[in-house]
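Engineer: generate a structure from the sequence data that follows.
(one chain, ligands or ions: 1)
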Amino acid sequence: MVGATLACGLACGLAEEARQLKIAVIDAFEPKLEWDKGSYDMRVSAITRASQNLFKKVGAWDKIVEQRLSPYTDMFVWDAGSPAGSGELHFDSADMGETDLGHIIENRVIVKALHQRIQEIPQISLHCPARLASIAFKDEEVVLQLEDQTQLSANLVVGADGSRSWIRQQADIAVKGWDFDQAALVTTVKTEKYHQDTAWQRFLATGPLAFLPLTEGYSSIVWSTSPDEAKRLTQISEADFAVELEQAFESKLGKIESVAGRAVFPLRLFETMHYVKPRLALVGDAAHTIHPLAGQGVNLGLGDVASLITVVVDALHDKKDIGELKVLRRYERWRRAENRSMLVAMDGLKRLFGSELSVVKNLRDFGLNLTNKLTPVKNLIMQQAMGINTDSNYK
Ligand SMILES: Cc1cc2nc3c(=O)[nH]c(=O)nc-3n(C[C@H](O)[C@H](O)[C@H](O)COP(=O)(O)OP(=O)(O)OC[C@H]3O[C@@H](n4cnc5c(N)ncnc54)[C@H](O)[C@@H]3O)c2cc1C
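Structural biologist: This is a model prediction of the structure:
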């Protein structure tokens, strides 16, 4: 999602200076472009306004809309450890004069839209499925050899190859972070009651449980818990799982009427020691991964994209070498500050809600209730979550 957006953004003529660029996109895996329309992708993303605007600018948004997406107008967060009616937080898009707070979009829909967009842009050559056999960083260029013997050279290589980034390892860039000792179980369910176009999140001591609204009254589930518990939840019968899920969610949407397949993803938090090296920049999960509890991972990656495009275009405008470390450092400074504040906030939230200490529980009840009553504070939080008061949007 992140690398393809960058390629489209750089190539599709957003800035005159970038039209001279030739871009190669190398992906090891062919995206799935056809599927049964009655099914939902288990992987979805809550896409913020800032990311929506970026997709619009790169020409992918209309292609997403043509497929399927679900706007959500409200967000309801509550704490399992609080007495009923307290420890709640409700965000309503109407309070902010917005039509929605964002969109829940299946990852395969985003990938397909970007793939279609790439096919339309002659400056982009797509190598897929293709794997890199070697990469050599030289003073004036980077030389890449694909496993099929194709050789490419570039002024700049961008590693957008996810949290296990091969490019990052080849460039010997270390990461710092830690395992959460949590895993996320994902599935799609149909609930008895309509989800009210609301993103629901209940904080349990074991981790957050989210119900994200899809079309036709379906919801996408992200249930973060211990790896053992996640494994157990995939092994019990569908009927038993439905009962446990309903209980964990306090039956907010009535009975769970159907459950699609279940899958588990390990959760990690890390940030790379460096986002850049001479002739290399890392973007998206290759540079940082965070807990999915606030649905910000890919949105941060798309923030990287917007910033890197600006940095590259400015360098081209000033007739500078786009792979020069001095040029790329501007991108690193810009994004590190913004990403780190989100990483720290998400880690703090996860710890805050994971605590069983009564003093912490009382404090978080008080904080949630107070925040819920303070509309200006809530609006500020939402603006941050929607990415509309950050400085990474396109100039
Ligand atoms: C359960 C869960 C829920 C989430 N929910 C949200 C959410 O609601 N909102 C949100 O913003 N984020 C969410 N995230 C985070 C989000 O999914 C990631 O941040 C996002 O997928 C990162 O995108 P990316 O393009 O950087 O990396 P990836 O999606 O990992 O893509 C990496 C790409 O690199 C390719 N690749 C990998 N290795 C190689 C190689 N050696 N050679 C060539 N190509 C290679 C892959 O094929 C792939 O195309 C969630 C994460 C999880 C686990």
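Engineer: now the strands for the stretch 51-200 of the chain?
Structural biologist: Secondary structure of the stretch 51-200 of the chain, counting by DSSP state E, counting those that start in this stretch: strands at 70-72, 74-79, 88-92, 102-106, 124-127, 132-137, 142-146, 151-154, 157-159, 175-191, 198-204.
Engineer: how about residues contacting the fourth one?
Structural biologist: Same thing as strand 102-106. With contact meaning C-beta atoms under 8 Å, 6 or more residues apart in numbering, strand 102-106 is reached by 40-41, 43-49, 52, 64, 68-72, 199, 212-214, 220, 295, 385-386. (Each C-beta comes from the backbone N, C-alpha and C, glycine too.)
Engineer: how about that strand and the ligand, any contact?
Structural biologist: No. Applying C-beta under 6 Å from any ligand atom, one finds strand 102-106 separated from the ligand by no less than 7.4 Å.
Engineer: direction included, what does that strand pair up with?
Structural biologist: strand 44-47 (antiparallel), strand 70-72 (antiparallel) (DSSP bridges).
Engineer: which residues of this structure lie near the ligand?
Structural biologist: 1-3, 26-29, 45-46, 131-132, 160-162, 166, 184, 186, 222, 265, 284-285, 292, 295-299, 301.
Engineer: rerun at 5 Å
Structural biologist: The chain has residues 1-2, 27-29, 45-46, 161-162, 166, 184, 222, 265, 284-285, 292, 295, 297-299, 301 near the ligand, with proximity defined as C-beta under 5 Å from any ligand atom.
Engineer: buried ones only from those residues, please, as a ChimeraX command.
Structural biologist: Of these, the buried ones go into a single ChimeraX selection, burial set by 16 or more other C-beta atoms under 10 Å:
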select :1,2,27,45,46,161,162,184,222,265,284,285,292,295,297,298,299,301
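Engineer: show me the residues of the chain next to the ligand that map onto strands.
Structural biologist: 45-46, 184, 222, 265 (DSSP state E).
Engineer: centroid-nearest residue for this structure?
Structural biologist: Geometric centre of the chain, nearest residue: residue 298, 2.0 Å, by C-alpha atoms, centre = their mean.
Engineer: residue ranges with poor pLDDT in the stretch 251-395 of the chain?
Structural biologist: 346-378, 380, 389-395 (pLDDT under 70).
Engineer: how about the strands in it?
Structural biologist: 256-259, 263-272, 276-277, 280-282, 288-289.
Engineer: what is the end-to-end distance of stretch 198-218?
Structural biologist: Using C-alpha to C-alpha, to the nearest Å, one end of stretch 198-218 lies 12 Å from the other.
Engineer: what does stretch 258-276 give?
Structural biologist: Stretch 258-276 end-to-end distance (C-alpha to C-alpha) = 46 Å.
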